[in-house]
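Trainee: let me see the structure of the following:
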Amino acid sequence: MDAVDRRIDALESERQSTLRMAKAMRGVIEETSDLRKEHKAIITGLKSRNKEIDEIKVKRDKINSDIILPIHMIEDELSKVYNRLTEELDIHRVPSLAKEKEQFSWFLELQAMHGKAREASELHHRFIELVKEQKEEIKKLKIYETKHDDATAKLLQDEPMLKDKNINSKEVGSYDRRVHNIQKALRQRRGEMHKLRREAGRLDAWLRKKSGDQNRGRGRGRGNRRGQKPRDKKEDSGPMTLGDISGLLSGMGNESSSKRTRKVSSKKAGMRKMGNLGAHRGSRSQFKKKE
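Mentor: Got it, this is the predicted structure:
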């Protein structure tokens, strides 16, 4: 029972310590909640912006791989082809129909390339803007992290037990689960202790009753025995042993036997006395008549 009691004390101490830890963590989180919100908002923005940057980069690089010429060269080539197609013809140098078809085909291809090149250029400008914005947000993130660390360090001065702990909602949840498990173990141990105390109470009551009966029997035995030396006080105050119980029972048996013997002897003696008092025939005195 002492071992269970010590285990209950240890579990209760651990539960209180874990509760203090979880409460202290919640306090730090609440005190820095505004900074955490800003920090979280920046991180969320960085993630979504990173995704957009990656998508833009993929599209831009795909267009640039399909169109080898840069946009300024495409524009120069478009201007040259357009001038050739729209200039006045020299009757001595008239191009063939196949040549003109080739020129028009090239012109249309250059126009398509120019549209894609412009799209790639716009994507590139957007990419640059997002990268600059991302850098600015990263600077803000570092500032908020510094503020958060300073605020946390200031709070930890009052809570040194959190010094080497990772303070976040997940960690708080872990401590809450630990408190719940300890509470469950405490209920089990207290149930065991209740059963043990109940059994101990029953056993103690039984022993007291048994000891009282034995003490009464021992007192009667000492009063009826003759020539028996009185026992030492220390022996009387000691715990009952099997030998004591056996002796008591034996003494009680002898006492009962001696009582029965004395009773029979006294009865026989009485009967003998009554026998002596019986009628006896004697000689009567004779009356003589005076002459």
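Trainee: where along this structure do the helices fall?
Mentor: Counting by DSSP state H, the chain has helices at residues 2-31, 33-66, 71-86, 97-156, 169-224, 233-237, 242-276.
Trainee: reformat those helices as a markdown table; add mean neighbour count and mean pLDDT.
Mentor: Just so you know, the C-beta spots here come from the backbone N, C-alpha and C atoms, and that holds for glycine as well. Supplementary listing: the helices of the chain in a markdown table, determined by neighbours: other Cβ atoms under 10 Å; pLDDT from 0 to 100:
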| stretch | mean neighbour count | mean pLDDT |
| --- | --- | --- |
| helix 2-31 | 15 | 73 |
| helix 33-66 | 14 | 86 |
| helix 71-86 | 14 | 88 |
| helix 97-156 | 14 | 86 |
| helix 169-224 | 13 | 77 |
| helix 233-237 | 8 | 44 |
| helix 242-276 | 11 | 53 |
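Trainee: CA atoms of stretch 58-65 as PDB?
Mentor: Below are the C-alpha coordinates for stretch 58-65, written out as PDB (Å, rounded to 0.1, in the frame of the first residue of the first chain):
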ATOM      1  CA  VAL A  58       8.300  27.700 -66.300                       C
ATOM      2  CA  LYS A  59       6.100  29.500 -68.800                       C
ATOM      3  CA  ARG A  60       8.800  32.100 -69.600                       C
ATOM      4  CA  ASP A  61      11.500  29.500 -70.100                       C
ATOM      5  CA  LYS A  62       9.200  27.400 -72.300                       C
ATOM      6  CA  ILE A  63       8.600  30.300 -74.700                       C
ATOM      7  CA  ASN A  64      12.300  31.300 -74.700                       C
ATOM      8  CA  SER A  65      13.200  27.700 -75.600                       C
END
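Trainee: show me how this structure divides into domains.
Mentor: Listed by automatic domain parsing, the domain ranges of the chain are 1-31+168-201, 35-159.
Trainee: could you dump the ones you listed into TSV and include distance to Lys210?
Mentor: Listed next are these as TSV, based on distance: least, Cβ to Cβ, whole Å:
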stretch	distance to Lys210
domain 1-31+168-201	15
domain 35-159	58
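Trainee: so Lys99 versus Lys51, what's the distance?
Mentor: Separation of Lys99 from Lys51 (Cβ to Cβ, to the nearest Å): 50 Å.
Trainee: likewise Ile71?
Mentor: Relative to Lys51, and taking Cβ to Cβ, Ile71 is found at 27 Å.
Trainee: same check on Ala185?
Mentor: 47 Å.
Trainee: which residue packs closest to His114, ignoring adjacent ones?
Mentor: Ile74 (4.9 Å; Cβ to Cβ, 6 or more residues apart in numbering).
Trainee: let me see the contact set for that neighbour.
Mentor: Contact analysis of Ile74 by Cβ atoms under 8 Å, 6 or more residues apart in numbering lists Ile67, Leu110, Met113, His114, Ala117.
Trainee: surely the fourth one is in contact with Met73?
Mentor: Read that as His114. No - in this structure, His114 is not within contact of Met73 by Cβ atoms under 8 Å, at 10.3 Å.
Trainee: all good on my end, thank you.
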